[in-house]
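Engineer: Any chance you could fold what I've pasted below:
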Amino acid sequence: MPFPKFITYVETTVLNLKEKFVRAWTNKVLHLGCRTTNIVESTHGVLKKYLRSSVGDFASCWDEIDKMLVVQFGEIQGSFRRNKTVLEHKYINIKMMRELEGYVSRRALKFIYDELKRSKTFTFDKEDCGCVQKTSYRLPCACIIVVKSNQKLPLDLDDIYPHWKRLGLQGE
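Structural biologist: Here you go, the predicted model:
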């Protein structure tokens, strides 16, 4: 292997830090939790299973894609129904989050809950918070939660980015 010292250096320094570099960049932009291409690759894999072959006429491919979309549509509708109807007691029992249950996605509720727990572990200034959740997910971060908590105010739907309040498909 040519340049073994260089290869070792790159493997032990740059490659071990790549996640930190990516995280430092992605934490400064709105990404709503999508930081990789895995969802696209996964969907491509599902499509390939439905098509079963790389050759086929337009009509047969269209039919298989339609079947896949019908299944995915049903899964998405089921997910939306669960977000509206299945209540988690850990969120209901938190006065600050009570108004969000049934109107905000379960994933958003978990993000907010985790940030609420983080806000109680230490006192900090806004500069210490980092506001990653506010920047990347447009959800209340720990410093916002602390301010609202100190003022005895609940989190309300205006604190939540519209993406997280979408619990139905257009036309429903």
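
Engineer: Contacts for stretch 62-78, please.
Structural biologist: Residues from elsewhere that reach stretch 62-78 (C-beta atoms under 8 Å, 6 or more residues apart in numbering): 46-47, 50-52, 56, 169. Every residue, glycine included, has its C-beta placed from N, CA and C.

Engineer: Mind doing that once more with 6 Å?
Structural biologist: Stretch 62-78 has contacts (C-beta atoms under 6 Å, 6 or more residues apart in numbering) with 50-51.

Engineer: Next secondary structure after the one helix or strand His44 maps to?
Structural biologist: Assigned by DSSP states H and E, His44 belongs to helix 38-51. The helix or strand immediately downstream of helix 38-51 is helix 58-85, counting by DSSP H and E.

Engineer: Next, the buried residues of that following helix.
Structural biologist: Neighbour counts over helix 58-85 (16 or more other C-beta atoms under 10 Å) mark 64, 68, 80, 83 as buried.

Engineer: and the angle for that helix with helix 38-51?
Structural biologist: On the basis of axes from the mean of the first three to the mean of the last three C-alpha atoms, to 10 degrees, helix 58-85 is oriented at 130 degrees to helix 38-51.

Engineer: Can you tell me how far Val55 is from Gly45?
Structural biologist: Noted for Val55: a distance of 18 Å to Gly45, by C-beta to C-beta, to the nearest Å.

Engineer: ok, now which ones touch His163?
Structural biologist: With C-beta under 6 Å, 6+ apart, His163 has these contacts: Leu32.

Engineer: where does this protein have low pLDDT?
Structural biologist: Within the chain, the stretches with pLDDT under 70 are 1, 14-27, 35, 87, 89, 92, 122-127, 170-172.

Engineer: center of it - which residue?
Structural biologist: Note on the chain: the residue nearest the mean C-alpha position is Gly33, at 3.4 Å, using C-alpha atoms, centre = their mean.

Engineer: Show me how this protein divides into domains.
Structural biologist: 37-86, 88-165 (automatic domain parsing).
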